[in-house]
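Colleague: predicted model and sequence below, questions to follow.
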Amino acid sequence: MKCLFIVIAGVSERTLIAVKPDGVQRRLVGQIVQRFEQRGFKLVGMKLLQAREDILSQHYHDLHKKPFYPNLLRYMSSGPVVAMVWEGHNVVRTSRLMVGNTNPAEAYPGTIRGDYSVHISRNVIHASDSVEGAQREIHLWFDRRELVDWDCCDHSSSYQV
Ligand SMILES: Nc1ncnc2c1ncn2[C@@H]1O[C@H](COP(=O)(O)OP(=O)(O)OP(=O)(O)O)[C@@H](O)[C@H]1O
Ligand SMILES: Nc1ccn([C@@H]2O[C@H](COP(=O)(O)OP(=O)(O)O)[C@@H](O)[C@H]2O)c(=O)n1
Ligand SMILES: [Mg+2]
C-alpha cells in the first residue's frame, strides 16, 4: 500500500491548560494528562504552583466585573494549580472541545468537565479559548526557559493520508 506522510513543519500551536485546585485536590492530574497525551498532543511545559493573586487577576482580567469574580479568585487560590503548556495541530480548539462547556451541567459526558464536575464554581480545569489568548496566558504563567522544545518520532508529528 502506498502511504504518504505529511510532516507538519515548524512550531505548531500551543495552549495553556491548568488543573484547578479542586482537580489537584481530587487527584485528577494524572487522568487529565493522560487524555492530552492519548489525543496526541505534546507536553512542553508543566509545573505545580500556588498561583499568586497578581497572576490570577491578570489571567481573569476580562471577568473582573462579574459578580462571581471574588469567589473565582478565592477558588483559584484555594490550593495549588498544575499549569501546563500543550502543543499540537489545532490544540486550542481541540482542547476546548475536550474540556467541555464552562458549566459542567451543560458539558457533555466524555469531556473533562462533563466527566469530573457538576458545578460551574468547581469546574476542575482551565483551557485557553483562542490562539491569541493562549499566547498571552503562556507568557503570563511561564518563563520562556521553562518551556522545552523536543522532537518525537511517533505518529503525533506526522499524519498519514
Ligand atoms: N456564573 C458563575 N458562577 C460561578 N463561577 C463562574 C461562573 N461563570 C464562570 N465562573 C468561573 O469562572 C471561570 C472563568 O469563566 P470563563 O467564562 O472564562 O469560563 P471558561 O473559559 O470556561 O473557564 P476558564 O477560563 O477557567 O477555562 C469559569 O471556569 C468558572 O470557574
Ligand atoms: N458563571 C460563571 C462563569 C465562569 N466561572 C468561572 O470562571 C472561569 C472562567 O470563565 P470563562 O468564561 O473563561 O470560561 P472557561 O474558559 O473556563 O470555560 C470558569 O472556568 C469558571 O471557573 C464561574 O465560576 N461562574
Ligand atoms: Mg475562560
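Modeller: Ah, there it is. Ligands and ions are numbered 1, 2, ... in the order given.

Colleague: which parts of the one helix or strand Glu132 maps to are buried?
Modeller: Using DSSP states H and E, Glu132 maps to helix 131-141. Buried residues in helix 131-141, counted by 16 or more other CB atoms under 10 Å: 133-138, 141. The C-beta positions use only the backbone N, C-alpha and C, and glycine is treated the same way.

Colleague: would a markdown table of the residues you listed with distance to Ile125 and pLDDT be doable?
Modeller: Listed next are the buried residues of helix 131-141 as a markdown table, based on distance: CB to CB, whole Å; pLDDT from 0 to 100:
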| residue | distance to Ile125 | pLDDT |
| --- | --- | --- |
| Gly133 | 15 | 98 |
| Ala134 | 14 | 98 |
| Gln135 | 19 | 98 |
| Arg136 | 18 | 98 |
| Glu137 | 13 | 98 |
| Ile138 | 16 | 98 |
| Trp141 | 14 | 98 |
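
Colleague: how about the residues you listed in a markdown table, adding distance to ligand 1?
Modeller: As requested, the buried residues of helix 131-141 are exported to a markdown table (distance: CB to the nearest ligand atom, whole Å):
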| residue | distance to ligand 1 |
| --- | --- |
| Gly133 | 9 |
| Ala134 | 11 |
| Gln135 | 15 |
| Arg136 | 12 |
| Glu137 | 9 |
| Ile138 | 14 |
| Trp141 | 13 |
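
Colleague: looking at the protein, which residue is nearest ligand 1?
Modeller: Thr102 (3.2 Å; CB to the nearest ligand atom).

Colleague: what's the burial count for that residue?
Modeller: 12 (other CB atoms under 10 Å).

Colleague: mind starting the numbering at 41 from now?
Modeller: Taking 41 as the first residue, the last one we looked at is Thr142.

Colleague: sec struct for it, please.
Modeller: Secondary structure assignment for Thr142 (DSSP: H, G, I helix; E, B strand; the rest coil): coil.

Colleague: pLDDT averaged over stretch 186-198 - what is it?
Modeller: Mean pLDDT, computed over stretch 186-198, is 75.
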